[in-house]
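S.K.: pasting the sequence and the predicted model now:
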Amino acid sequence: MDTGPILERELAVRGGIGFIGKNTCLLHPKMGSYVFLGEIILDYELPFDEPDKQSTCGKCTRCLTSCPTNALIVPHTLDSRLCISYLTIEHKKNIPLKLRPLMRNRIFGCDICQEVCPYNKRFAIPSDEPAFQAELDKMAPSLLDLITLDDSAFRKRFKNSPIKRTKRRGFLRNVCIALGNWGDKKALPILQSALHDKEPLIRHHAQWAIQKIRDGF
Ligand code: B12
Ligand code: SF4
Ligand code: SF4
């Protein structure tokens, strides 16, 4: 869970669940890294598994070379200030200018360093858990729709979603960047309206997106 200071990956390694990959994620050697970690804290000792000392990344470096912002600065070390996951979910302020084009169309989180991982390519299987089923509207929502969300539409649309974490202003900031990176003039009228948004964060990024579409930089 993300709610407390528990070293989940370290505990997972000690519990024999897998190893920490160069992308810093916990990798199960037969399932890959698309696994959440969770724990139950008990006040008595149970039999335990030994850490897996066999599995490693070997010579692979795909995650490092695929990361668009070079956030994996060396194997096993992530600079969160460069990571699109951090920037789109946790960072509250303006996104640094030089990172905006590198975010492409990612508006909440990033999985590139997991998508390229051979363990996931070989072993990952889609979950049959009903709550995790992908819906088209959630997988590939229209940016032109998202940018029009006002406070109440945002609350309604993301009522039970982790997207609420960014609040409307952070989310629409990300959408502005994605629209700028898309580069299509179709986005200009709606971005012009966003210049009048009550949130300075949204206005600032809408201005950037307009400039980017016009200048094509
Ligand atoms: C802060 C955080 C982030 C930050 C920083 C991530 C990072 N890699 O450092 C940001 C916002 C960038 C982030 C992004 C993501 N996160 Co996150 N994040 C966390 C969180 C809340 C805390 C991690 C932390 O900083 N702990 C404190 C530090 C001190 O501990 P630590 O980093 O685990 O390091 C310890 C050990 O792991 C060990 N260790 C670390 N590296 C290595 C390397 C080697 C070789 C060895 C031997 C040991 C070792 O030593 C450290 C000290 O004990 C955890 C939940 C949790 N409670 O752990 C989720 C968690 C790590 N995140 C998770 C996920 C899914 C993601 C994203 C995929 C989300 C997304 N789709 O955008 C991305 C992935 C980015 C990436 N490549 O890591 C999952 C990972 C599941 C997995 N299979 O590993 C977790 C475990 C949440 C969960 N319960 O499922 N996250
Ligand atoms: S989540 Fe994206 S930006 Fe962050 S380290 Fe992985 S590939 Fe790089
Ligand atoms: S992509 Fe390669 S180096 Fe990165 S975590 Fe997966 S196996 Fe390890």
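M.R.: All right, it came through fine. Ligands and ions are numbered 1, 2, ... in the order given.

S.K.: residue 185: neighbour count?
M.R.: Burial of residue 185 is recorded as 8 neighbouring residues (other CB atoms under 10 Å). Backbone N, C-alpha and C define where each C-beta goes, glycine included.

S.K.: tell me which residues in the helix or strand residue 190 falls within are buried?
M.R.: Per DSSP states H and E: residue 190 is located in helix 188-194. Within helix 188-194, the residues scored as buried using 16 or more other CB atoms under 10 Å are 190, 191, 194.

S.K.: quick one, what contacts the first one?
M.R.: Spelled out, it's residue 190. Residue 190 makes contacts with 144, 147, 148, 179, as judged by CB atoms under 8 Å, 6 or more residues apart in numbering.

S.K.: hang on, the first one is in a helix, isn't it?
M.R.: Yes. For residue 144, which was evaluated using DSSP: H, G, I helix; E, B strand; the rest coil, the result is membership in a helix.

S.K.: tell me how far it lies from ligand 3.
M.R.: Applying CB to the nearest ligand atom, to the nearest Å, the value for residue 144 to ligand 3 is 34 Å.

S.K.: what distance do you get for the residue nearest to that residue when sequence neighbours are not counted to residue 145?
M.R.: With sequence-adjacent residues excluded and distances taken as CB to CB, 6 or more residues apart in numbering, residue 144 is closest to residue 190, at 6.0 Å. Taking CB to CB, to the nearest Å as the measure, residue 190 falls 10 Å from residue 145.

S.K.: hang on, the earlier thing: helix or strand right after the helix holding residue 190?
M.R.: helix 200-215.

S.K.: by contact count, what packs against that following helix?
M.R.: helix 167-182, helix 188-194 (3 or more CB pairs under 8 Å, 6 or more residues apart in numbering; DSSP states H and E).

S.K.: mean confidence score for that helix?
M.R.: Helix 200-215 shows a mean pLDDT of 97.

S.K.: same question, stretch 8-16
M.R.: Over the span of stretch 8-16, the pLDDT mean works out to 95.

S.K.: not counting that stretch itself, show me its contacts.
M.R.: With CB under 8 Å, 6+ apart, stretch 8-16 has contacts from 1, 18-20, 24-26, 37-39, 48-52.

S.K.: chain center to stretch 198-213: distance?
M.R.: The chain centre lies 21 Å from the centre of stretch 198-213; the measure is CA atoms, centre = their mean, to the nearest Å.

S.K.: also stretch 86-97?
M.R.: Centroid separation for stretch 86-97 versus its chain: 11 Å, with CA atoms, centre = their mean.

S.K.: hey, C-alpha coordinates of the helix or strand bottoming out on mean pLDDT in the chain in PDB?
M.R.: Confidence across the helices and strands of the chain bottoms out at helix 136-139, with a mean of 80, counting by mean pLDDT, DSSP states H and E. The C-alpha trace of helix 136-139 is given here as PDB (Å, rounded to 0.1, in the frame of the first residue of the first chain):
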ATOM      1  CA  LEU A 136     -11.500   1.800 -23.600                       C
ATOM      2  CA  ASP A 137     -12.600   5.100 -22.100                       C
ATOM      3  CA  LYS A 138     -10.000   4.600 -19.300                       C
ATOM      4  CA  MET A 139      -7.200   3.200 -21.400                       C
END
